[in-house]
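In: Structure here, sequence nowhere to be found:
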């Protein structure tokens, strides 16, 4: 996840996984905090998960990939016919065996720390959908009252705030939200205040997906936004559409992140709490964060295909793919991960979705060689080894072709010091806030259990762009993903003031600073 805690002075890296733990400790933690361990124990064996990709990127390719995986002793737990791939669990020399088979394009382990066996069978699992969810335009609001699980309402290290009452929303003002006449703060919004703004009814026809740690749809700001028929969990690479599966597991670190992101995208405008960039939009909450605290490639593939299959016009990705911060083509495993996530992104784009991603919070130039001091971040023992990676090594999904990659700006409109950057690697800049600026300098948004929190990071910046895509899609319902992305780029460029203090430095701003299309 791409957040920087607002109390963490100088902390550009997310404190995601804590100290290195051996496998047994990881599984016991999941058992105590995250529910039952989601793996079937094998007879003293250690399994890795693998993505097997055929050369064909269709259903026939998935059939071939599954057959070859089984022939090599793997257990196939999910097929992805949209991209010609399967997810399999296996031991030993599985990857080398399958890579040598005709018709196979790539095979890669998606984790480095083994598990006792494949995930347990799912009851009531969902399907990836057909791609048209317009007939569900009035179906949201499955949350109701009650708590989303857990007792502390969020991560232990994240302080919560009083109800902000939609005041001092500097981030919305920065992207061009109109003020409500007579509002002394100048920041409370009303659709009627701007005749060019889309109506709630038109936004209600737009679905956007938040692929993240889960979304608390019982939050008052999000009850009407989250569409349960379009929401699911993909925590182990399989779509689980059972009721509430998309909600965060608050026993897992940073589980409130997705609720915060969703609030920025589409929290209700009602004078309480916070307002989103696109209040009224429908949100497909897709939980990727599993009990071991990782965003594995199969989770991302599952989430991307689910969102595309249910008609999302924008897909928000405020994280990077675990366990490798950067995936390099010379490594068989990392190359397969890149290919699989890349195929899923391409599929979503073909189905009309703008794929939005955070640029990352490491203060690195993505257009230059750089260091990686955290990978693999799911290792079961030993310290991380410093890797020196070149520009051919990519951060997923943000550095994939056609992805709208977003850097963070502070309240003054300047690039935030923690934000990654890079000429030709960045699409847009948007409000992300300052980690040491308190609630006035960070982004205030929703937090589980009806609470609010102030966070800073490129996660928050990406969420603003996803909301802006929803606004553009409501204005232009027949446009495809390329047209919508081009509109945001053109609007951002037009909104940049001239001179060196504007958006002239393209390595930080890309096309410019986000402005809502009018």
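Out: Yep, it's here. On a predicted model such as this, the values are computed, not experimentally measured, just so you know.

In: With adjacent residues omitted, what lies nearest to residue 376?
Out: residue 323 (3.7 Å; Cβ to Cβ, 6 or more residues apart in numbering). (C-beta placed from N, C-alpha, C; glycine too.)

In: Give the burial count for the one you found, as a bare number.
Out: Residue 323 sits with 24 neighbouring residues when counted by other Cβ atoms under 10 Å.

In: what does the model give residue 157 for pLDDT?
Out: pLDDT, residue 157: 70.

In: That one should be in a helix, yeah?
Out: No: counting by DSSP: H, G, I helix; E, B strand; the rest coil, one finds residue 157 to be coil, located in no helix.

In: So that it lines up with my notes, have the first residue be 17 from now on.
Out: Let's use 17 as the start, then, which means that last one is residue 173.

In: Residue 303 versus that one, what's the distance?
Out: 21 Å (Cβ to Cβ, to the nearest Å).

In: Please identify which of those two sits among more neighbours.
Out: A direct count of neighbours by other Cβ under 10 Å for residue 173 and residue 303 places residue 303 higher, at 27 against 11.

In: And the pLDDT for the more buried one?
Out: What the model reports for residue 303 is a pLDDT of 98.

In: In contact with the spatially closest residue to it that is not a sequence neighbour, which residues?
Out: Of all residues not flanking residue 303 in the chain, residue 230 sits nearest, at 3.8 Å (Cβ to Cβ, 6+ apart). Contact partners of residue 230, counting by Cβ atoms under 8 Å, 6 or more residues apart in numbering, are 249, 262-265, 271, 274-275, 301, 303, 305.

In: and what of residue 98?
Out: 74, 144, 321, 324-325, 360, 363.

In: do residue 376 as well
Out: Residue 376 is in contact with 18, 336, 382, 411, 414, 435-436, 474, counting by Cβ under 8 Å, 6+ apart.

In: Pick the one among the residues you listed closest to residue 468.
Out: Nearest to residue 468 among those: residue 18, at 19.3 Å, using Cβ to Cβ.

In: Pretty sure that closest one sits against residue 374.
Out: Yes: counting by Cβ atoms under 8 Å, residue 18 touches residue 374, with 3.7 Å between them.

In: can you list residues touching both of the two?
Out: 334-335, 473-475, 478.

In: what's the helix or strand containing residue 94 in contact with?
Out: Using DSSP states H and E, residue 94 falls within strand 91-96. With Cβ under 8 Å, 6+ apart as the test, strand 91-96 has contacts from 78-79, 81-82, 85-86, 101-106, 134-135, 252-254, 314, 317-318, 321, 360.

In: quick revisit: torsion angles phi and psi at the residue nearest to residue 303?
Out: Dihedral angles of residue 230 (phi, psi; degrees, to the nearest 10) stand at phi 110, psi 160.

In: got the residue ranges for the strands in the stretch 417-534 of the chain?
Out: 420-425, 444-447, 459-463, 467-472 (DSSP state E, counting those that start in this stretch).

In: do the same with the stretch 217-366 of the chain
Out: Going by DSSP E, counting those that start in this stretch, the stretch 217-366 of the chain shows strands at 223-228, 248-249, 298-303, 330-333.

In: Relative to the last one, what are the paired strands and their orientations?
Out: Using DSSP bridges, the neighbouring strands of strand 330-333 in the sheet come out as strand 223-228 (parallel), strand 370-374 (parallel).

In: just for this protein, where's the confidence low?
Out: Along the chain, the parts satisfying pLDDT under 70 run over 19-60, 140-141, 146-172, 194-212, 515-517.

In: The strands of the stretch 417-534 of the chain into TSV, with extra columns for distance to residue 69 and mean neighbour count?
Out: Compiled in TSV, these are given as follows (distance: least, Cβ to Cβ, whole Å; neighbours: other Cβ atoms under 10 Å):
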stretch	distance to residue 69	mean neighbour count
strand 420-425	24	30
strand 444-447	31	30
strand 459-463	37	28
strand 467-472	35	25
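
In: So which of these is nearest residue 240?
Out: That would be, of the strands of the stretch 417-534 of the chain and by Cβ to Cβ, strand 459-463, which comes in at 12.9 Å.

In: Kindly calculate the angle that the closest one makes with strand 420-425.
Out: 120 degrees (axes from the mean of the first three to the mean of the last three Cα atoms, to 10 degrees).

In: right, and the strands of the stretch 417-534 of the chain - which one's nearest residue 282?
Out: Of these, the one closest to residue 282 (Cβ to Cβ) turns out to be strand 459-463, at 10.2 Å.

In: Quick check: end-to-end length of stretch 525-534?
Out: End-to-end distance of stretch 525-534 (Cα to Cα, to the nearest Å): 20 Å.

In: Can you give me the buried ones in it?
Out: 525-533 (16 or more other Cβ atoms under 10 Å).

In: Show me how far that stretch is from its chain's centre.
Out: 20 Å (Cα atoms, centre = their mean, to the nearest Å).

In: now swap in stretch 303-316 and tell me
Out: Mean-position distance between stretch 303-316 and its chain equals 10 Å (Cα atoms, centre = their mean).

In: Give me the distance between the two termini of it.
Out: 10 Å.

In: can you check stretch 213-226 too?
Out: End-to-end distance of stretch 213-226: 22 Å, with Cα to Cα as the criterion.

In: buried sites along it?
Out: Residues of stretch 213-226 classed as buried: 213-214, 216, 218-226 (neighbour count, 16+ other Cβ under 10 Å).

In: ok, back up a step: buried only: go through the contacts of residue 98 for me.
Out: With burial judged by 16+ other Cβ under 10 Å, the buried subset of those is 144, 321, 324-325, 360, 363.

In: Out of those residues, which is nearest to residue 177?
Out: Nearest member of the buried ones among the contacts of residue 98 to residue 177, counting by Cβ to Cβ, is residue 324, at 35.0 Å.

In: who's in contact with that closest one?
Out: 98, 144, 147, 331, 363-364, 367, 369.

In: check contacts around the residue lying closest to residue 344 once chain neighbours are set aside.
Out: Leaving out its chain neighbours, the residue that sits closest to residue 344 by Cβ to Cβ, 6+ apart is residue 409, at 4.0 Å. By Cβ under 8 Å, 6+ apart, the contact set of residue 409 is 342-345, 350, 388.

In: re earlier: can you give me the angle the helix or strand that the strand holding residue 94 is followed by makes with strand 91-96?
Out: Using DSSP H and E, the helix or strand that follows strand 91-96 towards the C-terminus is strand 101-106. With the same axes, to 10 degrees defining the directions, strand 101-106 sits at 170 degrees from strand 91-96.

In: Report the buried residues of strand 101-106.
Out: So for strand 101-106, counting by 16+ other Cβ under 10 Å, buried means 101-106.

In: Give me the contact list for stretch 514-523.
Out: 381, 383, 431, 437-439, 441-442, 445, 508-509, 512-513, 525, 528-529.

In: how about the strands of the stretch 417-534 of the chain, which one is nearest residue 355?
Out: Using Cβ to Cβ, the nearest of those to residue 355 is strand 420-425, at 19.1 Å.

In: Tell me how far the residue most central in space within the chain lies from residue 175.
Out: Closest to where the C-alpha atoms of the chain average out (Cα atoms, centre = their mean) is residue 333, at 2.5 Å. In this view, residue 333 and residue 175 are 26 Å apart by Cβ to Cβ.
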